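Trainee: Here is the input, now give the coordinates:
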Amino acid sequence: MPTSPAYRLAATILHGFDEYRSRFKAITADASRRFAEAAWREAQQASAERINLYEAKVEDTLTRLRRSVDEERLTDFECWRLARAHYAELIAQRLDYELAETYFNSMFCSLFHHRHIRNDWMFVYSSRERAAHHSGLTLCRHHRVGGDWQGGVRWALGEARFTTPFIDLERDAALGAAALERLLPEAIRADPEAEIELIKSVFYRNKGAYLVGRVRGGGQQVPLVLPVLHAEGQGLCLDTVLIEPDEVSIIFSFTRAYFQVKVVVPSEFVHYLQGLMPDKPQGELYAAIGFFKHGKTEFFRALNRQVARREDRFIIAPGVRGMVMAVFVLPSFRTVFKVIKDRFDPGKTMSRENVREKYRLVKRHDRVGRMADTQEFSNFIARQDHFAPDCLAHLLEVAPSTVTLRGDKVIIKHCYTERMMTPLNLYLEQCDEQETRAVLKDYGNAIKQMAAANIFPGDMLLKNFGVTRHGRVVFYDYDEVCYLTECHFRHIPEPLYPEQELADEPWYSVGPNDIFPEEFGPFLFADIRLRRLFTQLHPELFDADYWQGLQQAILEGRVIDVYPYRNKQRFAGGEENGLVH
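Mentor: This is a model prediction of the structure:
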């Protein structure tokens, strides 16, 4: 008996999703081998491949749909309504049902260009208010400490079953135990029933492997992260112990590359992580473990709920207005929305497509904790009264090809979203002397760590960096970002005679990719006090030789370490700026 077009549509989409999941799992499963072999360049390539995989599989599935379902049915909303019902039945018993729903949504949005977003035809809301039942699968392993914290750490490291041996397991166990005994609350330390609980799966990212879980005892619990590094040619070592919720949250930050970790039941995995980091939105946690498209779905649902509460309206973002982007915010949602202007301010010569490619570059690249993750939306629709009048007027004025008004609906054809941060220039206006020094130190570290990852921000002005709730400085304006290896760093040539120094024009030729670090000071800081302090903290940033040295290291294939925790926490110590060369 022939199947209906609606069923074929649903089955074809699910087949495409299964292919995507199969390849996603294969890339992820190979992370342990890449870590064991210290294949760091390969790890970077695998990370980019896994990000690009989603769109590639959606395109493949769309091609297959057009072969199996005629165009009239494919664009018939009644057919999609029936297909949605069939699909919900097909995934009813799946452990990754929410990811499957998002894939269905991606197919619908690709076909209808992100228009006609209704729950009748796609999964605007999940087919389940909550998971049908607990899977019954064991997520964690447990060990009762019984006062022997060194034994507990030894168990944690040994049970991870790394194929590469530790250089000195007993030393690491002793260091880890000493840290726990110093950091843990007394109620946990003193409880003979205290236990260490760790997720069975290891979290791999860049050059690190992370064991994640918690310590429980005395009616209390704290999160626990054990970062393990591979000292190439020598073996493994425990690098530090983290138990503070804020520190664990930074490990899972929206400014970092997605983890490669085996996840059997995504919803239960995320629920567990949210228990460790209750302030972290679900969407960010899905993204952190590689499911960034479903993270976008969760973000969209949370945004809709927040807008419906009508606590506030969209307003123009505080700070200096962008030369390329119009930026607005919903203050209660702590999210920034960016729209590309129709005309850029003088001095900005790139095209709209250039800007979009820069954002795609950052999405694919290792963000090393210093670049904000973005979500891209098409045909975002909100009611007119959800916008402050001056905000809407500004958007209609500077981006009329992107923002339009249709009746009482505001339609935004294309926008980016990022987590809201305090612009660095505004943050510095409110700082005392100690805070100023700390944030300028971190600003320089952010520039250095991006450079170590082969990223040059281009426009390094303070207004293009933000400060997170954890006090970290993060870059978020990508229209001039480029690979560091594309830049030509030069020393300013000595003038041949005094008149050259006094001339309005430089006495030396300047190519399109030429950068003169000696000029950074006046460019970045109008305030001479801040300029002097920054120069004192980061003198090497003003030296072309420093930048050329980083370029050479990258060209030689070296992957430079950037740690997601403070160097003073590391058992091995390290450079002040968080880089090990």
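
Trainee: Could you list the domains of this protein?
Mentor: Domain assignment for the chain, taken from automatic domain parsing, gives 5-112, 140-305, 310-420, 423-580.

Trainee: show me where pLDDT drops low in the protein?
Mentor: Residues of the chain meeting the criterion pLDDT under 70: 1-2, 129-133, 495-505, 507-508, 573-581.

Trainee: biggest helix in it, by residue count?
Mentor: In the chain, assigned by DSSP state H, the helix with the most residues is helix 40-68.

Trainee: Mind giving me the packing neighbours of it?
Mentor: helix 5-29, helix 31-36, helix 97-112, helix 292-309, helix 352-364 (3 or more CB pairs under 8 Å, 6 or more residues apart in numbering; DSSP states H and E). C-betas here are computed from N, CA, C, even on glycine.

Trainee: Now do the same contact list for W121.
Mentor: For W121, the contacting residues are F77, W80, R81, R84, F108, by CB atoms under 8 Å, 6 or more residues apart in numbering.

Trainee: Of all pairs in these, which one is the farthest apart?
Mentor: Largest separation among the contacts of W121 by CB to CB: R81 and F108, giving 11.0 Å.

Trainee: Compare these two and say which one has the larger neighbour count.
Mentor: F108 (22 against 14; other CB atoms under 10 Å).

Trainee: Would you confirm that that one contacts C79?
Mentor: No: F108 is beyond contact range of C79, at 11.3 Å (criterion: CB atoms under 8 Å).

Trainee: Can you give me the separation between L395 and P278?
Mentor: 34 Å (CB to CB, to the nearest Å).

Trainee: So for those two, which sits in the more crowded spot?
Mentor: Each of L395 and P278 has its neighbours counted (other CB under 10 Å); L395 has more, 26 against 8.

Trainee: Now the element after whichever strand or helix holds the more buried one, going C-ward?
Mentor: In the assignment (DSSP states H and E), L395 maps to helix 389-398. As assigned by DSSP H and E, the chain's next helix or strand after helix 389-398 is strand 403-406.

Trainee: Direction included, what does that following strand pair against?
Mentor: strand 409-419 (antiparallel) (DSSP bridges).

Trainee: Return the list of strands paired to the helix or strand just after the strand it pairs with, each annotated with direction.
Mentor: Beyond strand 409-419 on the C-terminal side, the first helix or strand identified by DSSP H and E is strand 422-423. Strand 422-423 has the following strand partners under DSSP bridges: strand 465-467 (antiparallel).

Trainee: before we move on, back to that, so of the helices and strands packed on helix 40-68, which one's packed in deepest?
Mentor: Mean neighbour count (mean count of other CB atoms under 10 Å) peaks for helix 97-112 among the helices and strands packed on helix 40-68, with a mean of 22.

Trainee: Check the offset of that one from the chain's centre.
Mentor: Taking CA atoms, centre = their mean, to the nearest Å, one finds helix 97-112 lying 22 Å from the centre of the chain it belongs to.

Trainee: Can you list the neighbours in contact with it?
Mentor: Here helix 97-112 makes contact (CB under 8 Å, 6+ apart) with 10, 13-14, 16-17, 20-21, 54, 58-59, 61-62, 65, 74-75, 80, 84, 87, 91, 94, 117, 121-124, 126-128, 131, 266-267, 291, 293-294, 296-297, 378.

Trainee: tell me the strands in the stretch 151-300 of the chain, going along the chain?
Mentor: 195-199, 203-205, 208-217, 220-231, 235-238 (DSSP state E, counting those that start in this stretch).

Trainee: Redo those strands as a markdown table? Include distance to L461.
Mentor: A markdown table is the format used below for those (distance: least, CB to CB, whole Å):
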| stretch | distance to L461 |
| --- | --- |
| strand 195-199 | 41 |
| strand 203-205 | 30 |
| strand 208-217 | 32 |
| strand 220-231 | 33 |
| strand 235-238 | 40 |
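
Trainee: Out of those strands, flag the one nearest E357.
Mentor: strand 203-205 (24.8 Å).

Trainee: what packs against that closest one?
Mentor: Against strand 203-205 (3+ CB pairs under 8 Å, 6+ apart) you get helix 31-36, strand 208-217.

Trainee: Make CSV from those and add distance to D373 to it.
Mentor: Supplementary listing: those in CSV, determined by distance: least, CB to CB, whole Å:
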stretch, distance to D373
helix 31-36, 20
strand 208-217, 18
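
Trainee: looking at these, which is closest to A446?
Mentor: Taking CB to CB, strand 208-217 is the member of the helices and strands packed on strand 203-205 nearest to A446, at 19.2 Å.

Trainee: Please save the CA atoms from that closest one in PDB.
Mentor: The C-alpha coordinates for strand 208-217 follow below in PDB (Å, rounded to 0.1, in the frame of the first residue of the first chain):
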ATOM      1  CA  GLY A 208      41.800  19.600  27.200                       C
ATOM      2  CA  ALA A 209      39.600  16.800  28.600                       C
ATOM      3  CA  TYR A 210      37.200  17.700  31.400                       C
ATOM      4  CA  LEU A 211      35.600  15.400  34.000                       C
ATOM      5  CA  VAL A 212      32.400  17.000  35.100                       C
ATOM      6  CA  GLY A 213      30.100  16.300  38.000                       C
ATOM      7  CA  ARG A 214      29.700  17.300  41.700                       C
ATOM      8  CA  VAL A 215      30.700  16.500  45.200                       C
ATOM      9  CA  ARG A 216      27.900  15.800  47.700                       C
ATOM     10  CA  GLY A 217      27.900  15.500  51.500                       C
END
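
Trainee: Show me how far that strand is from its chain's centre.
Mentor: Centre to centre, stretch against its chain (CA atoms, centre = their mean), the figure for strand 208-217 is 21 Å.

Trainee: Adjacent strands (with direction) for that strand?
Mentor: strand 195-199 (antiparallel), strand 203-205 (antiparallel), strand 220-231 (antiparallel).

Trainee: Can you give the contact residues for stretch 139-155?
Mentor: With contacts defined as CB under 8 Å, 6+ apart, stretch 139-155 is touched by 156, 159, 169-170, 172-174, 176-177, 180-181, 189, 192-200, 213, 217, 226, 238, 241, 264-265, 268-269, 272.
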